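Visitor: sharing a sequence plus its predicted fold:
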Amino acid sequence: MEWLIWLIPLLPFVGFLLNVFVIRHERPAGLVASGLVAASFVVAVTAIAMLAGLPEEERRIISVGWEWINAGDLRVPFGIMLDPLSAVMVLLVTGVGALIHFYSIGYMHGDARVVRYFAYLNLFVTMMLFLVMGNNMLILFLGWEGVGLCSFLLIGHWFERKSAAAAAVKAFVVNRIGDAAFILAMLAIYANFGTLNFYEVTVAGEVQPGFLERVPEIIGQSFGPSWQPIALATGISFLLLIGATGKSAQFPLFVWLPDAMAGPTPVSALIHAATMVTGGVYMMTRTEALFAASPATQTWVLWVGALTALIAGTAAIAQWDIKRVLAYSTVSQLGFMVAACGMGAYVAAIFHLLTHGIFKALLFLGSGSVIHGTHDTQDMRKMGGLRTAMPTTYWTYLVGAGALAGIVPLAGFWSKDEILAHALSHNHWPQLIILFLTSLLTAFYMGRQVALVFFGTQRDTHYHAHESGRVMTVPLIVLAVGAVIGGAINLPWGHWLTDWLHPVLHEEAGSFNPVLALIATAGAVGMSYLGWWLYTSNAAKVKVGGKDPAYRYTGDIWDGLEEAWYVDRLYERVIVQPFRGLGDFLARVFDPQGIDGLVLGIGRFFGWAGAQVRELQSGYVRTYALVFTAGVVLVLSFMLIFTR
Amino acid sequence: MVPTSYYILLSAALFTIGVLGVLIRRNAIVVFMAVELMLNAANLALVAYARERLSIDGQVLVFFVITVAAAEVAVGLALLVAIFRTKRTTDVDEVSTLRG
């Protein structure tokens, strides 16, 4: 039984190895990659069925492979686990992952590096599974860095394009900031608890403690200067928050995610919408005990999430690139999840994570289908009227957009409503207002996008739009079904997910507020319609390379929104350019003049000294003889005088 | 009997003449002869002290010096011939190709 859970991450890893070392052709690569992820999904379902058969308090299967690190007091077993929280994440990763693998067979057909693509995709799934199944911080970190690496490799899949290579580097570098904080948090946890395990585990007959069970020990402890002590729990959880802002693309580190759209669209769906970017939310949920011990950090988490949601939501309404709308929307929805974590509504965060994983993957795959069918067109100004040419894509996209906008009874409505209801019932008024406004914006930009892409007439007629093949539309249909019924896992009456996660999170079901739900629904429908109406009635004014119709109401604010409040440009000015300047100074001034001056100067000095000394070497025998004689005379007289 | 100091003085005088010959003269053959003069001045000093101390060691050493000197002359003259063949001169100042 225990060994079964090892199959879940190892099957995709086998796919990775096969694709790297054995397979050389496109067709077997795609089939092996998707087949093994699907097999992993089947194993996961089996394992979770067994997990569900256990009594509630025993629902945690931990399996230790071997002792990974054993250095002095530091003992890290290579152990993975399956508990209710890991289980739902594993289902999302393998389920949505398998669909995206299948979809990739169609989307990447004819690409020059398909085998490599599938190898990286398999490696990504492996690493993501280690991230969600690790029983200690170090394995979580292994997965955390592994998915970051795969994200880098896959964003840069088309590295011939300079923008893709730059976006890959940007994603990697921005993530490093969060990773550095994560490492510090890990060190702090080890220093204070003496262990990195989440839960108690028995290795070779020896019981190792888990820090999540020992959090009460550090409550009340503090560090820092005596005039401003910082609670230990606050220090650790704040570092973890910074780690999460990097991986989950939160303010102020969200700038990498919109650029990451340079990668292939299935990659955006899998890594930059459904799974990797939710790693931060998962990590905060897993270490929820630490966050609960620090109200100060909780407030930060809440504000970071709410502000991110608003900033990204406003940025999403002004984008022209079909994928950038979705990218900012993803950042915004991640803000919802983080805000839910900040409110202590971890079940709501995970619920939204799951439904968002489904409908955002659907939207990205739908946009991929559009891009595929319009021959690599991404600018929505060049689209329009595609609903007749691509009916399946249109209907499934509509479902995804409705779910994201929060239309009853699609999945997104239930999860978003649970977050808003929690904010209301716990009196987080400012955040509630921000999140509510953001959900209105969400509905608006989805209405806008649907109108721009699928309604009106085709504005750029240089291409002939066509529906994508079966291998791409079937995953769309499956995900669309998921987006319709996904909310059923945690309906206000029934709340199955809350019960399922109860052994891990010990949370009671939140209260359902019919008034709020009604207002939210009315707002969502109204704003969707407004967005749809504004861009269908003004469709004639949308020109390739032209301004948005909304520009005449907002003026230059619209440009600011399009640039995401100029956060990127701020970094460009404040960090990137000074850094480049420093690099330039070092390369062009300091190195040639300072370092080279020193090194060459030493060489030149000895050259000069040698030139001086070689004058002595006259070549005349008698000069040498004279010096020789003088030397003998000197030595002899010395001996005569001093050594008598 | 002639006192030892006379021999030593003569030896010193010969040695000095030899040194000056090496330092001052430019003809390689003369320089060579001056070197021989120094060697023989040393030989003279050796036998003088050997007689003074009634020891055979110094006298034996002289034979070695004479042998080595003979070998040295052979090598030195061969070098001289070689230099003369290439430079057409025996002036040591002309042979300064090792100048730095």
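Guide: Yep, it's here.

Visitor: run a quick neighbour tally on residue 24.
Guide: Answering for chain A, as no chain was given. 9 (other Cβ atoms under 10 Å in any protein chain shown). Every residue, glycine included, has its C-beta placed from N, CA and C.

Visitor: correction: the question concerned chain B.
Guide: Residue B:24 sits with 12 neighbouring residues when counted by other Cβ under 10 Å.

Visitor: what of residue A:221?
Guide: Counted with other Cβ under 10 Å, residue A:221 comes out at 12.

Visitor: enumerate every residue touching it.
Guide: Listed by Cβ atoms under 8 Å, 6 or more residues apart in numbering or on different chains, the contact partners of residue A:221 are A:192, A:231-232.

Visitor: where do the strands sit along chain A?
Guide: A:61-71, A:74-82, A:201-203, A:206-208, A:222-223, A:230-231 (DSSP state E).

Visitor: could I get the second one in CSV with only the CA atoms?
Guide: The reference is to strand A:74-82. As requested, the backbone C-alpha atoms of strand A:74-82 are provided in CSV (Å, rounded to 0.1, in the frame of the first residue of the first chain):
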residue,chain,number,x,y,z
LEU,A,74,20.3,17.4,10.5
ARG,A,75,18.3,14.3,9.5
VAL,A,76,16.2,14.5,6.3
PRO,A,77,14.5,11.4,5.1
PHE,A,78,13.5,11.2,1.5
GLY,A,79,9.8,10.6,2.4
ILE,A,80,6.7,11.4,0.5
MET,A,81,3.2,11.4,1.8
LEU,A,82,-0.4,11.3,0.8
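
Visitor: check which residues of that strand are buried.
Guide: A:75-82 (16 or more other Cβ atoms under 10 Å in any protein chain shown).

Visitor: and stretch A:18-26, by the same measure?
Guide: Quick answer for stretch A:18-26 (16+ other Cβ under 10 Å): A:18-19, A:23, A:26.

Visitor: can I get those in CSV including distance to residue A:373 and pLDDT?
Guide: Below are the buried residues of stretch A:18-26 laid out as CSV (distance: Cβ to Cβ, whole Å; pLDDT from 0 to 100):
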residue, distance to residue A:373, pLDDT
A:18, 31, 94
A:19, 27, 93
A:23, 28, 88
A:26, 20, 88
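
Visitor: can you show me the helices along the stretch 101-250 of chain A?
Guide: A:114-133, A:137-155, A:162-193, A:232-247 (DSSP state H, counting those that start in this stretch).

Visitor: with respect to burial, which of the strands of chain A scores highest?
Guide: Highest mean neighbour count of the strands of chain A: strand A:74-82, a mean of 22 (counted as mean count of other Cβ atoms under 10 Å in any protein chain shown).

Visitor: near chain A, which residues of chain B?
Guide: By the rule Cβ under 8 Å from any Cβ of the partner chain, the part of chain B lying against chain A is B:19, B:22-24, B:26, B:31, B:92-93, B:95-100.

Visitor: now, of those, which are buried?
Guide: Counted by 16+ other Cβ under 10 Å, the residues of chain B next to chain A give B:19, B:22-23, B:31, B:92, B:95 as buried.

Visitor: for the longest helix anywhere in chain B, packing partners?
Guide: Scanning chain B for the helix with the most residues, using DSSP state H, yields helix B:57-87. Under the contact criterion of 3 or more Cβ pairs under 8 Å, 6 or more residues apart in numbering or on different chains; DSSP states H and E, helix B:57-87 touches helix B:28-52.

Visitor: and the helix it packs on, how far out from the chain middle?
Guide: 6 Å (Cα atoms, centre = their mean, to the nearest Å).

Visitor: just want the angle from it to helix B:57-87.
Guide: Relative orientation of helix B:28-52 and helix B:57-87, computed by axes from the mean of the first three to the mean of the last three Cα atoms, to 10 degrees: 180 degrees.

Visitor: show residues contacting helix B:28-52.
Guide: So helix B:28-52 is contacted by A:621, B:4, B:7-8, B:10-15, B:17-22, B:25, B:56-59, B:61-62, B:65-66, B:69, B:73, B:76-77, B:80, B:83, B:90-92, B:95 (Cβ under 8 Å, 6+ apart).

Visitor: same thing but 7 Å
Guide: B:4, B:7-8, B:10-11, B:14-15, B:17-19, B:21-22, B:25, B:56-59, B:61-62, B:65, B:69, B:76, B:80, B:90, B:92 (Cβ atoms under 7 Å, 6 or more residues apart in numbering or on different chains).

Visitor: which parts of chain A belong to which domain?
Guide: Segmentation of chain A into domains, based on automatic domain parsing, reads A:1-227+A:248-256, A:294-555, A:567-642.

Visitor: so which of those domains is nearest residue A:284?
Guide: Proximity of the domains of chain A to residue A:284 was assessed by Cβ to Cβ; the nearest stretch is domain A:294-555, lying at 4.8 Å.

Visitor: quick one: end-to-end distance for the closest one.
Guide: 43 Å (Cα to Cα, to the nearest Å).

Visitor: quick one: average pLDDT of that domain?
Guide: Domain A:294-555 shows a mean pLDDT of 90.

Visitor: go on, stretch A:228-239?
Guide: Rounded mean pLDDT across stretch A:228-239 is 88.

Visitor: ok, now stretch A:621-636?
Guide: The average pLDDT within stretch A:621-636 is 90.

Visitor: list the buried residues of that stretch.
Guide: A:621-622, A:625.

Visitor: out of the residues you listed, who's near chain B?
Guide: Here is what survives when the buried residues of stretch A:621-636 are matched to chain B using Cβ under 7 Å from any Cβ of the partner chain: A:621-622, A:625.

Visitor: show only the entries of the residues you listed found in helices.
Guide: A:621-622, A:625.

Visitor: tell me who's in contact with residue 4.
Guide: Went with chain A since none was named. Contacts of residue A:4 by Cβ under 7 Å, 6+ apart are A:43, A:47.

Visitor: correction: the question concerned chain B.
Guide: Here residue B:4 is in contact with B:48, B:52 (Cβ under 7 Å, 6+ apart).

Visitor: mind listing what's buried in stretch B:6-24?
Guide: Within stretch B:6-24, judged by 16+ other Cβ under 10 Å, the buried ones are B:7-8, B:11, B:14-15, B:18-19, B:21-23.

Visitor: ok, stretch A:365-385 next?
Guide: A:365-374, A:377-378, A:380-384.

Visitor: which of those residues are close to chain B?
Guide: Applying Cβ under 7 Å from any Cβ to the buried residues of stretch A:365-385, none is adjacent to chain B.

Visitor: neighbours around residue A:160, how many?
Guide: 9.

Visitor: got it, and the one 4 residues further on?
Guide: When counting by other Cβ under 10 Å, one arrives at 21 neighbours for residue A:164.

Visitor: how about it, nearest residue that isn't a chain neighbour?
Guide: Distances taken as Cβ to Cβ, 6 or more residues apart in numbering or on different chains place residue A:262 nearest to residue A:164, at 4.0 Å, with adjacent residues excluded.

Visitor: correct me if wrong: the one you found contacts residue A:157.
Guide: No: contact between residue A:262 and residue A:157 fails when scored by Cβ atoms under 7 Å: they sit 8.9 Å apart.

Visitor: closest residue of the stretch 351-500 of chain A to chain B?
Guide: residue A:376 (72.5 Å; Cβ to the nearest Cβ).

Visitor: would you list the phi and psi of that residue?
Guide: Torsion angles at residue A:376 (phi, psi; degrees, to the nearest 10) stand at phi 60, psi 40.

Visitor: how about residue B:56?
Guide: phi -90, psi -10.
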